[in-house]
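Colleague: 3D, please:
(chains A and B)
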Amino acid sequence: GENVEQHPSTLSVQEGDSAVIKCTYSDSASNYFPWYKQELGKGPQLIIDIRSNVGEKKDQRIAVTLNKTAKHFSLHITETQPEDSAVYFCAAHLYNQGGKLIFGQGTELSVKP
Amino acid sequence: DTAVSQTPKYLVTQMGNDKSIKCEQNLGHDTMYWYKQDSKKFLKIMFSYNNKELIINETVPNRFSPKSPDKAHLNLHINSLELGDSAVYFCASSQDFQGTASYNEQFFGPGTRLTVL
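Modeller: The predicted structure is shown next:
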């Protein structure tokens, strides 16, 4: 069945460094790949997304890349700040299954001042 | 203004009880979802409704019954609660779900932490 693998599960960086989180999906019907940030005690919040017809997208300090052939997509955060500390989830959208989102396992990012 | 709201935020109850979680969205969206987040933070879809019609039902025990009185509300009723039902439940909504190659950003509510004792 459909599956999204996300790595690493935990990531610790120094403030100002870059952070990279990688995901792999299995279902070729996936056409949209959102990334969510979840802070403690809150719901997931969309931070960036990428469509299947685009290879890269950037929004200030965050960027996402997509390799459809390899079924890989990645989140890049540059110049990390302590407020970037949270759990990050990648997801794959299945348009042919009622818009279901399949989530990765999550990455707990810790940015040390 | 809160886009997707859930009540209650915390719910503590005994095994065997019946409880409900309410969700409302003021975004004018047609599609609403329920997700379950377990203790390892894994998020999994449970149900989705589009304009009051059930679209997704993911092998969830029939003790869980979603109810959508109108497209702005999707409530989750759980009968005969079990210890394994303890989790955080998130409601979400999107403009549409589309059976074709369309994309729909899903907005999540703040979650309801259910603890079954």
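Colleague: Kindly state the beta-bridge partners for the residue nearest the centre of chain B.
Modeller: By CA atoms, centre = their mean, chain B has its centre lying nearest to residue B:34, at 2.5 Å. Beta-bridge partners for residue B:34, by DSSP bridges, are residue B:47, residue B:91.
Colleague: Roughly how far does residue B:95 sit from residue B:60?
Modeller: Separation of residue B:95 from residue B:60 (CB to CB, to the nearest Å): 24 Å. To be clear about C-beta, it is placed using only N, CA and C from the backbone, and glycine gets the same treatment.
Colleague: try residue A:13
Modeller: With CB to CB as the criterion, residue A:13 and residue B:60 are 38 Å apart.
Colleague: how about the residues of chain A near chain B?
Modeller: Counting by CB under 8 Å from any CB of the partner chain, the positions of chain A adjacent to chain B are A:31-32, A:34, A:36, A:38, A:41-46, A:49, A:51, A:87, A:89, A:93, A:95-103, A:105-106.
Colleague: My reading is that residue A:108 lies in a strand. Confirm?
Modeller: Yes: Residue A:108 sits within a strand when classified using DSSP: H, G, I helix; E, B strand; the rest coil.
Colleague: Make sure it is actually in contact with residue A:6.
Modeller: No: the pair residue A:108 / residue A:6 is not scored as a contact, 11.1 Å apart, by CB atoms under 8 Å.
Colleague: of those two, who's got more company?
Modeller: More neighbours surround residue A:6 than the other of residue A:108 and residue A:6, with 20 against 15 (other CB atoms under 10 Å in any protein chain shown).
Colleague: In stretch B:73-90, which of the residues would be classed as buried?
Modeller: B:73-76, B:78, B:81, B:85-90 (16 or more other CB atoms under 10 Å in any protein chain shown).
Colleague: Next: stretch A:22-37.
Modeller: Under 16+ other CB under 10 Å, the buried positions of stretch A:22-37 are A:22-25, A:27, A:30-37.
Colleague: Could you dump the buried residues of stretch B:73-90 into JSON lines and include pLDDT, distance to residue B:22 and secondary structure?
Modeller: Below are these laid out as JSON lines (pLDDT from 0 to 100; distance: CB to CB, whole Å; DSSP: H, G, I helix; E, B strand; the rest coil):
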{"residue": "B:73", "pLDDT": "95", "distance to residue B:22": "7", "secondary structure": "strand"}
{"residue": "B:74", "pLDDT": "95", "distance to residue B:22": "9", "secondary structure": "strand"}
{"residue": "B:75", "pLDDT": "96", "distance to residue B:22": "5", "secondary structure": "strand"}
{"residue": "B:76", "pLDDT": "96", "distance to residue B:22": "8", "secondary structure": "strand"}
{"residue": "B:78", "pLDDT": "96", "distance to residue B:22": "12", "secondary structure": "strand"}
{"residue": "B:81", "pLDDT": "97", "distance to residue B:22": "16", "secondary structure": "coil"}
{"residue": "B:85", "pLDDT": "96", "distance to residue B:22": "17", "secondary structure": "helix"}
{"residue": "B:86", "pLDDT": "97", "distance to residue B:22": "19", "secondary structure": "coil"}
{"residue": "B:87", "pLDDT": "97", "distance to residue B:22": "17", "secondary structure": "strand"}
{"residue": "B:88", "pLDDT": "97", "distance to residue B:22": "15", "secondary structure": "strand"}
{"residue": "B:89", "pLDDT": "97", "distance to residue B:22": "11", "secondary structure": "strand"}
{"residue": "B:90", "pLDDT": "97", "distance to residue B:22": "13", "secondary structure": "strand"}
